[in-house]
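Student: Structure for the following, please:
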Amino acid sequence: MAFYESVYIARPDISGAQVEALTQRLTEIIEAGGGRVTKNEYWGLKNLAYRIKKNRKGHFSLLNIDAPSDAVGEYERNMRLSEDVLRYLTVRVDELDENPSIMMTRGSRDDRGRGRGRGFGGRDGPRPQSAPPAEAGAAKAEDKPEAKTEDKPADKPKETTE
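Tutor: Below you'll find the predicted structure:
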């Protein structure tokens with residue numbers, strides 16, 4: 001038997017319980033074909049990068065599958081027929097990873113470092129620089145002679161010549 005990782009996106013208007021029921025139904029199809037599902041992860045309702053069938057969000061689920069190719073073909077056929085599945089992707093892998101996926105191990109947004117990895121001027125403003133940039137040909141303030149300015153009283157009226 002071969003190893004597969006499969007991710008599918010379900011419609012956002014169904015509940016989490018209905019997604020679990022859909023996953024259970026798909027697991028039964030794999031088991032009926034002589035395979036087994038070694039890992040089942042529900043990633044939650046997430047924003048999509050672009051609209052899929054007029055939807056901006058979707059329920060994401062991951063299944064690690066150890067099954068013959070005929071069982072996976074039947075599994076994919078049922079996902080194509082299901083109106084609840086927006087998209088799916090099944091990839092054959094060399095070995096199954098029993099550890100939680102990166103989507104499950106990520107912390108919340110508050111646990112991440114702030115402002116790093118977002119490019120220049122992220123949410124927290126520009127990154128600090130080690131030294132200010134030097135301007136070419138500019139002299140330091142100590143090297144320049146001070147310019148003398150005349151004090152003009154503000155209340156002195158202007159003289160006009162007519």
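Student: List the buried residues for the helix or strand harbouring Val72?
Tutor: Using DSSP states H and E, Val72 falls within helix 69-81. For helix 69-81, a neighbour-count test (16 or more other Cβ atoms under 10 Å) marks 71-72, 74-76, 79 as buried. To be clear about C-beta, it is placed using only N, CA and C from the backbone, and glycine gets the same treatment.
Student: Reformat the residues you listed into a markdown table and put pLDDT next to each item.
Tutor: Putting the buried residues of helix 69-81 into a markdown table (pLDDT from 0 to 100) gives the following:
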| residue | pLDDT |
| --- | --- |
| Ala71 | 93 |
| Val72 | 94 |
| Glu74 | 94 |
| Tyr75 | 94 |
| Glu76 | 95 |
| Met79 | 94 |
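Student: which non-adjacent residue is nearest Arg87?
Tutor: Spatially, and ignoring its direct neighbours in sequence, Arg87 is nearest to Ile9 (4.8 Å; Cβ to Cβ, 6 or more residues apart in numbering).
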